[in-house]
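Participant: Provided below for reference: sequence and predicted model.
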Amino acid sequence: APVQIANFALLSRTGKPADSTAGGSIFTHIHIGPMGVFDNKPNYDWGYVDVAENKGEASFNSTGGWLGFTDKYWLGALIPDQKTAVSAKFRASGDVYQAQVIPTRYTNVAAGAALETNSRLFAGAKEMAVLDSYSKKLGIPYLDYAIDWGWFWFIAIPFFWILHWLFGVFGNFGVAIIGLTLVVRGFMYPVAQKQFASMAQMRAVQPKLKALQERWKDDKPRLQQEMMKLYKEEKVNPLAGCLPVVLQIPIFFALYKILLLSIEMRHQPFVLWLKDLSAPDPLTPINLFGLLPFDPPSFIAIGVLPILLGVTMWLMQRLNPQPMDEVQKQVFAVMPWFLMFIMAPFAAGLQLYWVMSNVVSIAQQKWLYSRHPVLREQMARDAEEKAKAKANAKA
């Protein structure tokens, strides 16, 4: 006899994962919980609490797509036939959470006829290569978006593939991060040259700035006006030196996402005590590098890599022209050590990247100074004047 049929699927889980409240800033937020792709648009808007507070249900209509639950490293997803119009739901009842999918209309099957439909279930690790291959070969839209790369996905995804390739070449994830650092710094070399040119101009006008500071030291508004006038006459942009730092910000957060979310990078060692580059540096002088039998609190457990980060940033600042404003001088003086504390809880791989980036920057600046003797002489004069000022202050 003729029948009406529909292919129904349900995915159920009991309880929320331990990291279901993962969040952070708009740059570092991690989506964990209900997720779907509806009409070719990834949807990260719903969390476990959101579904529970919305009368225990969230409904969507879509043609194809998928829905399920994403954890930090794992994914469970229902994938209906991609040509079928479906009604999808997330439901919450107590400690049980469900994803449901059913066609919006039943299909009539005549007597003696046959009908074949295909739907799939994905349950497993969010390995980028696997998700990407399923997405392309099976026509499943945005399955690789189960990894929430964030705002800087356009940087994070290419960096992931570069790191993945370098890891295959060297067999060591730490060496792969060093290789990525060299690639990034090489790509940014033209920007570094512009920064250096700006820094050279700033050094060239330092004597004139000091003269203005002495002349208008009691009139701050006039001093600012005269400084801006000097910058305009000398065609100097005091903010140009900040460009490489600004460009590093999206790279920093993209790498942060890679280290935090990629199961391929999980528990990858580097050398010696660094057994997991996705975790903070465990070796800290606070407990004499493990000789004292206690684990210090995370906010003071400053590892070796964060200390190197602070030292290399301090060395890098010494190569740059000093700001004229005393408040700015104090801020710049404290910044390396402040960042040392801030970076201590972050992944060791991220710390390694920053340290190597600082080392390469120092090497680049030293090399550029060697090609510009005038700047080297200016640095020597600045150092001599600084020493005289200290001697006079003591006298």
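Facilitator: Now that the structure is in, tell me what you want to look at. Numbering: from 1, shown residues only.
Participant: Which stretches in the stretch 101-250 of the chain count as helices?
Facilitator: Counting by DSSP state H, counting those that start in this stretch, the segments of the stretch 101-250 of the chain that form helices are 128-137, 153-170, 173-187, 189-204, 206-215, 220-234, 243-261.
Participant: which other helices and strands contact the last one?
Facilitator: Under the contact criterion of 3 or more Cβ pairs under 8 Å, 6 or more residues apart in numbering; DSSP states H and E, the helices and strands touching helix 243-261 comprise helix 153-170, helix 189-204, helix 348-370. (C-beta placed from N, C-alpha, C; glycine too.)
Participant: Among those, which one carries the weakest average confidence?
Facilitator: Here the lowest mean pLDDT among the helices and strands packed on helix 243-261 goes to helix 189-204, at a mean of 70.
Participant: Make TSV out of the helices of the stretch 101-250 of the chain and add distance to Ala114 and mean neighbour count.
Facilitator: What follows is these, written out as TSV (distance: least, Cβ to Cβ, whole Å; neighbours: other Cβ atoms under 10 Å):
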stretch	distance to Ala114	mean neighbour count
helix 128-137	26	15
helix 153-170	42	16
helix 173-187	51	19
helix 189-204	63	17
helix 206-215	85	14
helix 220-234	79	13
helix 243-261	43	19
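Participant: To Ala146, which of these lies closest?
Facilitator: helix 128-137 (6.3 Å; Cβ to Cβ).
Participant: got a list of contacts for the closest one?
Facilitator: 75, 122, 124, 140-144, 146-147, 160, 164, 262, 264 (Cβ atoms under 8 Å, 6 or more residues apart in numbering).
Participant: what's the offset of it from the middle of its chain?
Facilitator: In terms of Cα atoms, centre = their mean, to the nearest Å, the centre of helix 128-137 is found 23 Å from the chain centre.
Participant: Quick check: mean pLDDT of that helix?
Facilitator: 91.
Participant: so it versus helix 243-261, what angle?
Facilitator: Relative orientation of helix 128-137 and helix 243-261, computed by axes from the mean of the first three to the mean of the last three Cα atoms, to 10 degrees: 90 degrees.
Participant: shouldn't Gln213 be in contact with Gln224?
Facilitator: No: applying Cβ atoms under 8 Å as the test, Gln213 and Gln224 come out as separate, 10.9 Å apart.
Participant: how close does the spatially most central residue of the chain sit to Gln365?
Facilitator: By Cα atoms, centre = their mean, the chain has its centre lying nearest to Phe253, at 1.7 Å. Separation of Phe253 from Gln365 (Cβ to Cβ, to the nearest Å) stands at 25 Å.
Participant: what about the strands in the stretch 1-150 of the chain?
Facilitator: With strands called from DSSP state E, counting those that start in this stretch, the stretch 1-150 of the chain shows them at 3-5, 9-14, 33-38, 41-43, 57-63, 66-70, 74-79, 85-93, 96-103, 107-109, 120-125.
Participant: for those strands, which one sits closest to Tyr231?
Facilitator: Among the strands of the stretch 1-150 of the chain, strand 41-43 sits nearest to Tyr231 (Cβ to Cβ), with 45.7 Å.
Participant: Would you mind pulling up the elements that the closest one packs against?
Facilitator: Looks like strand 41-43 contacts strand 33-38 (3+ Cβ pairs under 8 Å, 6+ apart).
Participant: Next, count neighbours for Leu115.
Facilitator: By the criterion of other Cβ atoms under 10 Å, Leu115 has 11 neighbours.
Participant: Report pLDDT for Leu67.
Facilitator: 93.
Participant: Roughly how far does it sit from Pro141?
Facilitator: For Leu67, the distance to Pro141 - Cβ to Cβ - is 12 Å.
Participant: Among those two, which residue is more densely surrounded?
Facilitator: A count of neighbours by other Cβ under 10 Å puts Leu67 above the other of Leu67 and Pro141, at 27 against 19.
Participant: The more buried one: what's it in contact with?
Facilitator: By Cβ under 8 Å, 6+ apart, the contact set of Leu67 is Pro34, Met35, Gly36, Val37, Phe38, Phe60, Ala77, Leu78, Ala88, Phe90, Ala99, Val101.
Participant: just Tyr97 next, same as before
Facilitator: Ser12, Arg13, Thr14, Lys16, Pro34, Tyr48, Val51, Phe69, Phe90, Arg91.
Participant: Any chance of a markdown table for those residues, columns distance to Ile249 and neighbour count?
Facilitator: Shown next, in a markdown table, are the contacts of Tyr97 (distance: Cβ to Cβ, whole Å; neighbours: other Cβ atoms under 10 Å):
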| residue | distance to Ile249 | neighbour count |
| --- | --- | --- |
| Ser12 | 41 | 13 |
| Arg13 | 36 | 16 |
| Thr14 | 40 | 8 |
| Lys16 | 32 | 19 |
| Pro34 | 30 | 25 |
| Tyr48 | 31 | 21 |
| Val51 | 34 | 21 |
| Phe69 | 31 | 26 |
| Phe90 | 34 | 28 |
| Arg91 | 40 | 19 |
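Participant: between these, which is nearest Glu233?
Facilitator: Once Cβ to Cβ is applied, the member of those that ends up nearest Glu233 is Pro34, at 59.9 Å.
Participant: pretty sure the closest one is touching Gln98, no?
Facilitator: No: with contact defined as Cβ under 8 Å, Pro34 does not reach Gln98; the gap is 9.8 Å.
Participant: shared neighbours, the two?
Facilitator: With Cβ under 8 Å, 6+ apart as the test, Pro34 and Gln98 both reach Phe90.
Participant: Quick check: nearest residue in space to Ile263, chain neighbours excluded?
Facilitator: Closest residue to Ile263 apart from its sequence neighbours, by Cβ to Cβ, 6 or more residues apart in numbering: Tyr73 at 4.4 Å.
Participant: Perfect, I'm done here.
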